[in-house]
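Q: Compute the structure for the input listed below.
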Amino acid sequence: MNMMKKVMVINVEKEFNLEKSVCNHGFFMMLPNQWAPCSYSFRRPLRLADGCSSVMVSISSSTLDHQHLIIRAEKPASLSDSDRDLIRKQVVRMLRLTNKDEIDVRKFQEAHPQAASKGFGRLFRAPDLFEDIIKAILLCNTSWNRTLEMCQYLCELQAELHSGMHKDVLLAQDCNKSADTTVRPRTINEYFRSCKRSTSKINLRALGNFPSSKELAGLSEEFLKQRCNLGLRAKFIIEVANLVENGELNLGDLELELEESFDEASYDNNIRDKLMALKGVGPFATNNILMCMGDYRNIPIDTETIKHLCEVHDRKDARQVYDKFAPYQCLAYWYELVESYERKLGQKLSKLCPSNYHKVATSYLSSNTNKEKESTSTVTATKRKRSSSR
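A: Take a look at the predicted model:
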């Protein structure tokens, strides 16, 4: 086939930085997203126009002028013009390359010179809103490591469903018969240990795309719960998938409503009410979803946020700290949080090995910092004791 059909180019502003546009928020660490620290490129499956198939794409900056993104389809399959258009649309959404996004970046950086000096002004998101919603649900009431694992299980499941691996289970489901739905998911560390050490790319033999609403709507709650270790989230995820599939929840209209009424005081309540009406979506998940949609005013507050506020600002009220950056409070918060993470880790998030993603949490980093301090204090005390005995 014509190789040019497999390569697409998107023009970007001269200030655009692919690393900063991807490695700025926990969503980039959640599979099937894959950032390659060695090549500074991004890789993941993206859907094709038929709504069922996916193709693995890699995204990198042009080495000539850095004002172009090079998108390469890795799979040797024919891409139609509709496929190419949809791939571009998904990349634009993930990296926030719309006119509104460019305006948001400029205005936020004008209000936050420190963030501007570091090139920070975008928050990475999924290729579509459905994936953002499900990942927001996966963040609730659990540890960061568990969230990473659940994303992994869902991507493995998508590959299994696409290959027809669970046909017997689905057939029994349709016939109201019982079936053995037990499939032991691997832990996230088992998964990354199975990756080839000789390459920066994750081994994708058992990993698919993030499942679509259509794929999830056809599953039983019990099967999804057991296969992906989701607990109560399985019920919520299937309900959201069914709402999307039967047309009761039109995600395209929801995004368009926000875009068209962004400057109106009423839009926030309308969209917030619709999101809050979804089972399993509370204030924390809603604020995460709104943030992904481009409303940065409401910071998703959880224990991670409180720990950060107490540690850095000696207070618990996020509004007292970030409201001066309105309407870009979330951008200011994530800039500060990423700076904190990188300072504690001693390296950029973009340089982290995927097997260490679970460490990017204030609770983990704080406990390790305390252990290091205790160890240093013990060594110092021992040296003093030896010195005094002489």
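Q: from here on, contacts and neighbour counts on C-alpha atoms
A: Will do.
Q: I'd like to know which helix or strand in the protein has the lowest mean pLDDT.
A: helix 188-193 (a mean of 49; mean pLDDT, DSSP states H and E).
Q: Can you tell me what sits against the next helix-or-strand element following that one?
A: As assigned by DSSP states H and E, the chain's next helix or strand after helix 188-193 is helix 213-217. With contact meaning CA atoms under 8 Å, 6 or more residues apart in numbering, helix 213-217 is reached by Phe130, Gln158, Leu161, Ile237, Ile238, Glu239, Val240, Ala241, Asn242, Val244, Glu245.
Q: Identify the residues contacting the last one.
A: By that I understand Glu245. Glu245 is in contact with Ser213, Lys214, Ala217, counting by CA under 8 Å, 6+ apart.
Q: nearest to Tyr328, of those residues?
A: Ser213 (30.3 Å; CA to CA).
Q: Quick check: the closest one vs Pro300, distance?
A: Taking CA to CA, to the nearest Å as the measure, Ser213 falls 24 Å from Pro300.
Q: same question, Asn17
A: From Asn17 over to Pro300 (counting by CA to CA), the distance is 25 Å.
Q: the more surrounded of those two?
A: Comparing Asn17 with Pro300 by neighbour count (other CA atoms under 10 Å), the higher total belongs to Pro300, at 20 against 17.
Q: Please name the residues that touch that one.
A: By CA under 8 Å, 6+ apart, the contact set of Pro300 is Pro283, Phe284, Ala285, Thr286, Asn287, Asn288.
Q: Check Ser41 too.
A: Going by CA under 8 Å, 6+ apart, Ser41 touches Leu18, Glu19, Trp35, Ser58, Ile59, Ser60, Ser61.
Q: Can you report how many residues lie near the first one?
A: Other residues near Leu18 number 18, with proximity taken as other CA under 10 Å.
Q: and what of the fifth one?
A: The local packing of Ile59 (other CA under 10 Å) involves 21 other residues.
Q: just for the protein, where's the confidence low?
A: Across the chain, the ranges flagged by pLDDT under 70 are 1-4, 76-77, 167-206, 262-268, 366-390.
Q: the domain parsing of it - what is it?
A: Domains of the chain are assigned by automatic domain parsing as 1-98, 128-280, 296-365.
Q: And the ones you listed: which comes nearest Gln114?
A: The closest of these to Gln114 is domain 296-365. By CA to CA, the value is 9.3 Å.
Q: Can you get me the centre-to-centre distance for that closest one and its chain?
A: Distance of domain 296-365 from its chain centroid, counting by CA atoms, centre = their mean, to the nearest Å, is 15 Å.
Q: which residues touch Asn209?
A: Pro32, Arg44, Pro45, Leu46, Ser54, Cys155, Gln158, Ala159.
Q: that older thread, whichever of the contacts of Glu245 end up buried, select them in ChimeraX.
A: Selection command for ChimeraX covering only the buried members of the contacts of Glu245, criterion 16 or more other CA atoms under 10 Å:
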select :213,214,217
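Q: possible to save the contacts of Glu245 as CSV with distance to Leu349?
A: Formatted as CSV, those follow (distance: CA to CA, whole Å):
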residue, distance to Leu349
Ser213, 30
Lys214, 33
Ala217, 35
